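J.: starting from these lines, generate the structure:
(chains A and B)
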2 protein chains.
Amino acid sequence: MPQRPSSPGRLLYAQSGGVTAVINATAAGVIETARARGVKVYAARSGILGALREDLIDTSKETAAAIAALRHTPGGAFGSCRYKLKSLDANRAEYERLIEVLRAHDIRWFLYNGGNDSADTALKLSQIGKTLGYDLACIGVPKTVDNDLAVTDCCPGFGSVAKYTAVSTLEASIDLASMAETSTKVFILEVMGRHAGWIAAAAGLAGDGADAPPHLILFPEHAFDEATFLAKVKATVARVGWCTVVASEGIRDAAGNFLADGGTRDAFGHVQLGGVAPTLANLVKEKLGLKVHWAVPDYLQRSARHWASKTDAEQAYAVGKAAVEYALAGHNAVMPVIVRTSDAPYRWKLAPAPLVKVANREKKLPKSFVTRDGFGITAAARRYLSPLIAGELPPPTGKDGLPKYVRLKNVAVAKKLPAWTP
Amino acid sequence: MPQRPSSPGRLLYAQSGGVTAVINATAAGVIETARARGVKVYAARSGILGALREDLIDTSKETAAAIAALRHTPGGAFGSCRYKLKSLDANRAEYERLIEVLRAHDIRWFLYNGGNDSADTALKLSQIGKTLGYDLACIGVPKTVDNDLAVTDCCPGFGSVAKYTAVSTLEASIDLASMAETSTKVFILEVMGRHAGWIAAAAGLAGDGADAPPHLILFPEHAFDEATFLAKVKATVARVGWCTVVASEGIRDAAGNFLADGGTRDAFGHVQLGGVAPTLANLVKEKLGLKVHWAVPDYLQRSARHWASKTDAEQAYAVGKAAVEYALAGHNAVMPVIVRTSDAPYRWKLAPAPLVKVANREKKLPKSFVTRDGFGITAAARRYLSPLIAGELPPPTGKDGLPKYVRLKNVAVAKKLPAWTP
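T.: Numbering: from 1, shown residues only, chains lettered A, B, ... in the order given. Model prediction:
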């Protein structure tokens, strides 16, 4: 195992891409572990942009209570961003600027908390650091609601959105069933997942059996066929009395067109913004004449920390802790990944995986997870998904009935370099 | 006080209209209290329709554990319906049929759990019972997420949707703030409330102060003005960096047109189904060029028992209990209403109110609850709303990570009458 760098140094932590209900639990894992080891943690404000701009936050200015409260606070406490660094060839200057900032602040460990892109950035940064003679350890820390990271068994962030989706599907279906005789017959829930149906699949945990909700799951991996969809909705309403549909935002027809862009126009003639659920609802109403309701929880699903999965929140903390331990033990260009050792009882551990095996890959929903008709999940999917939504770790709440989410002070570190211009 | 009817008799309980996260807690209050007093409870399947069809459920076939589990199960356990009885003059036969069914099963107490319409039906039924020489006590039991019932300080069902809305607004805003620099700048949450802005007002509890979310609440009581709306969104994004909007589904322009029907057409040229949030989102995108996300939780908001308000769940149980006590004490044509005796600390008690004072009235959001600019809530609104979302009473959950919601056996009572034809 390589040796820990000789400089005392500092550790930089940055959040990347879409935030989750538990990414701050990872931040807590990073900061608390580093503090215990006497290492100072800086955080980049608004993710990698903050690193490029030398806009760094000194987390040592936060109380232990504030850092502990990150464990139950959703969103990105230091800010995140959607900013993809170009390849080394296309924009070497950006990578060199990052090294310059890290060097100026004696940052010896860089922890990048994100998905595939972030793993790639961390990998490239560790490479160019070497080229420029700067001793830097880069650790990727997994995070994404999409659950599409390679190597790791699951991604922190996914379990909580999966739980939100399963519970919401169950609750809305109970509501629907209560009223179906004289009111709404069909309920359509749209969930996130542009390319992979992991979140849609989680809705399947709401019930088991042909008549249990959700009756139809529409996966982005399966081409949407209007006639088959309508026939199945009609048959379900005839048999059960009502029908719950869960649709991934990314479903497309056989020609590859997104359903959400299905020719809908607003009053100005512009394409209607998103909305697979209202599109499907119109279809059911027009073609089957059934009363329909639809829901699009959007950000609510990925920020619902109030009912986060305990498994997920614990794994999120654990990957943050492990990332610091790996970094201080001298690892470089690795990511702590979750290794499942048993389905039932659910057991998992962490292990370092080379970033090169994670970067720029995408884990698809296995074919064995979807039933033959394409509208449901299999027993194998249930075995995989079920432990990920197990347990709750609710936030403390105040007398005002609201969760006590923390807002950090986010004190800036004094700049040492000239301003950066992209 | 009138005497309890001499017949041992039975009690009929029926759920009416849109269900809530806690209407089953009321059912538990009714059944447990009646059991303790040795009175058998029948429930009407699918609300008043079940009573008309003589489709009654014998709740004595359910275990004590199943009835206790109703306290934490959303939806309507016996089924509800949207079926408004006509006036006595227009359809006297329906009321007479109801009395015939009640008489056939020796039902001496009828508890109707619903809103304004149900209070009216219960009132009329008690009157026609008298005319037909049938000794019947009718008790209205309050329920509605809309919080628009007269006399009572608040309605069971409202506190939980209010809590859902406040917490969701807070969580989505934290998410939005994390990402606003490079991603979405405006988030729009559509909430229920066709005529009254009670639920929209509850979103205001998510934050306090000019820069705290939600930055704009759009109430159905205030005419929507596009220019003012856009100017305020633009100014908020310039000042805060992002903007959270909460819109009631019922907002209308100055001419009284619903915004959700604002000329949007689908691919077939039909009016697009509902959706104030996507309509507003398009407006923000087209006119301000800002990236926007929107959410429509629909049934999720009124069925979210997993994070119900403790105040609400307790009041829902209490009105069921009181309704039975009033009935057995010989009250007739009354409703147990919530009387607030103190804001802070919050204190409340129940009292019987004559149904004639509740029936067919609608409680509007007071003008004093909305700020002068029409986009926020006042301190008076906070004093009223805050205790209603206080506390949680989470359901037990299983190893599968899902709440343990009960499904009753709902054993039918043998029919004694010929089938009913409307």
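
J.: contacts only, for residue A:73.
T.: Shown here is residue A:73, whose contacts under the criterion C-beta atoms under 8 Å, 6 or more residues apart in numbering or on different chains are A:24, A:305, A:395, A:405, A:406, B:174. For the C-beta atoms, the positions are set from N, CA and C on the backbone; glycine is no exception.

J.: could you redo the last one with a cut-off of 6 Å?
T.: Under the criterion of C-beta atoms under 6 Å, 6 or more residues apart in numbering or on different chains, the neighbours of residue A:73 are A:24, A:405, A:406.

J.: residue contacts, the last one?
T.: By C-beta under 6 Å, 6+ apart, the residues touching residue A:406 are A:66, A:69, A:73.

J.: three-state assignment of the first one?
T.: Looking back up the chat, that one is residue A:66. helix (DSSP: H, G, I helix; E, B strand; the rest coil).

J.: what about it, distance to chain B?
T.: 15 Å (C-beta to the nearest C-beta, to the nearest Å).

J.: so the nearest residue to that residue once chain neighbours are set aside: helix, strand or coil?
T.: In space, residue A:66 comes closest to residue A:406 once its chain neighbours are excluded; the distance is 5.3 Å by C-beta to C-beta, 6 or more residues apart in numbering or on different chains. Secondary structure, three-state DSSP: residue A:406 is coil.

J.: tell me which helix or strand comes right after the helix or strand containing residue A:327.
T.: In this structure, residue A:327 sits in helix A:310-328 according to DSSP states H and E. Next along the chain after helix A:310-328, taking DSSP H and E as the criterion, comes strand A:334-342.

J.: what does that next one rub up against?
T.: Contacts of strand A:334-342 with the rest of the structure, by C-beta under 6 Å, 6+ apart, involve A:140, A:142, A:151-154, A:315, A:319, A:322-323, A:326, A:347-355, A:358.

J.: restricting to C-alpha, output the helix holding residue A:327 in PDB.
T.: Extracted C-alpha coordinates of helix A:310-328, given in PDB (Å, rounded to 0.1, in the frame of the first residue of the first chain):
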ATOM      1  CA  LYS A 310     -32.100   3.900   6.900                       C
ATOM      2  CA  THR A 311     -30.000   1.600   4.700                       C
ATOM      3  CA  ASP A 312     -29.400   4.400   2.300                       C
ATOM      4  CA  ALA A 313     -28.600   7.100   5.000                       C
ATOM      5  CA  GLU A 314     -26.100   4.700   6.700                       C
ATOM      6  CA  GLN A 315     -24.400   3.700   3.400                       C
ATOM      7  CA  ALA A 316     -24.100   7.400   2.500                       C
ATOM      8  CA  TYR A 317     -22.300   8.100   5.800                       C
ATOM      9  CA  ALA A 318     -20.200   5.100   5.500                       C
ATOM     10  CA  VAL A 319     -18.800   5.900   2.000                       C
ATOM     11  CA  GLY A 320     -17.800   9.300   3.200                       C
ATOM     12  CA  LYS A 321     -16.000   7.800   6.200                       C
ATOM     13  CA  ALA A 322     -14.300   5.200   4.000                       C
ATOM     14  CA  ALA A 323     -13.200   7.800   1.400                       C
ATOM     15  CA  VAL A 324     -11.300   9.600   4.100                       C
ATOM     16  CA  GLU A 325      -9.800   6.400   5.500                       C
ATOM     17  CA  TYR A 326      -8.700   5.300   2.000                       C
ATOM     18  CA  ALA A 327      -7.200   8.700   1.300                       C
ATOM     19  CA  LEU A 328      -5.300   8.900   4.500                       C
END
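
J.: ok, residue A:84 touching residue A:116?
T.: No. Taking C-beta atoms under 6 Å as the definition, residue A:84 is not a contact partner of residue A:116, at 10.2 Å.

J.: what about those two, which has more around it?
T.: The neighbour count for residue A:84 versus residue A:116, taken as other C-beta atoms under 10 Å in any protein chain shown, is higher for residue A:116 (21 against 13).

J.: hmm, the more buried one is touching residue A:360, no?
T.: Yes. Counting by C-beta under 6 Å, residue A:116 sits close enough to residue A:360 to count as a contact (5.4 Å).

J.: picking that back up, can you flag which of the contacts of strand A:334-342 belong to strands?
T.: Taking DSSP state E as the definition of strands, those contribute A:140, A:142, A:347, A:348, A:349, A:350, A:351, A:352, A:353, A:354.

J.: enumerate every residue touching the fifth one.
T.: Counting by C-beta under 6 Å, 6+ apart, residue A:349 touches residue A:339.

J.: swap in the one 3 residues further on?
T.: Neighbouring residues of residue A:352 by C-beta under 6 Å, 6+ apart: A:326, A:331, A:334.
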